[in-house]
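**Student:** Just to be clear, the model below is a prediction. Sequence and coordinates:
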Amino acid sequence: MAVSHWRRRGVPLARAIAIERATAGVVTRAELRPDIFGPLDEIRDRGAT
């Protein structure tokens, strides 16, 4: 799938993980796919407890 399709279809799961690793967490998988990994706020809240 071409990158231009990601806006309509969403970032593929494997690509979201690869992007998170390549950016050293600057861009997270939750930001790219909140439908799969949950909203970023929930992840941060879980880490804070």
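**Tutor:** Yep, that arrived.

**Student:** Could you report the pLDDT at the residue positioned nearest the centre of the chain?
**Tutor:** Closest residue to the average C-alpha location of the chain: Arg29 at 1.9 Å, with Cα atoms, centre = their mean. As predicted, Arg29 sits at a pLDDT of 93.

**Student:** show me what contacts it?
**Tutor:** Applying Cβ atoms under 8 Å, 6 or more residues apart in numbering to Arg29 gives the contacts 16-17, 19-20, 36-37. To be clear about C-beta, it is placed using only N, CA and C from the backbone, and glycine gets the same treatment.

**Student:** Then Ala24?
**Tutor:** By Cβ under 8 Å, 6+ apart, the contact list for Ala24 is empty.

**Student:** same deal with Val11?
**Tutor:** Val11 neighbours (Cβ under 8 Å, 6+ apart): 19, 32-33.

**Student:** helix, strand or coil for it?
**Tutor:** coil (DSSP: H, G, I helix; E, B strand; the rest coil).

**Student:** just to revisit the earlier point, if any of the contacts of Val11 are buried, give me the ChimeraX selection for them.
**Tutor:** Buried residues among the contacts of Val11 (16 or more other Cβ atoms under 10 Å), as a ChimeraX selection:
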select :19,32,33
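
**Student:** Surely Phe37 is in contact with Glu20?
**Tutor:** No - counting by Cβ atoms under 8 Å, Phe37 does not reach Glu20; the two are 9.5 Å apart.

**Student:** where do the contact lists of the two overlap?
**Tutor:** With Cβ under 8 Å, 6+ apart as the test, Phe37 and Glu20 both reach 28-29.

**Student:** ok, which stretches of the protein are helices?
**Tutor:** Assigned by DSSP state H, the chain shows helices spanning 6-9, 13-22, 29-32, 34-37, 40-48.

**Student:** Just name the most buried of the ones you listed.
**Tutor:** helix 29-32 (a mean of 19; mean count of other Cβ atoms under 10 Å).

**Student:** show me where pLDDT drops low in this protein?
**Tutor:** By pLDDT under 70, the low-scoring segments of the chain are 1, 40-49.

**Student:** Tell me how far the residue lying closest to Ile17 once chain neighbours are set aside lies from Glu20.
**Tutor:** Residue nearest to Ile17 in three dimensions, not counting chain neighbours: Arg29, with 5.5 Å by Cβ to Cβ, 6 or more residues apart in numbering. Plainly put, Arg29 is 5 Å away from Glu20 if you go by Cβ to Cβ, to the nearest Å.
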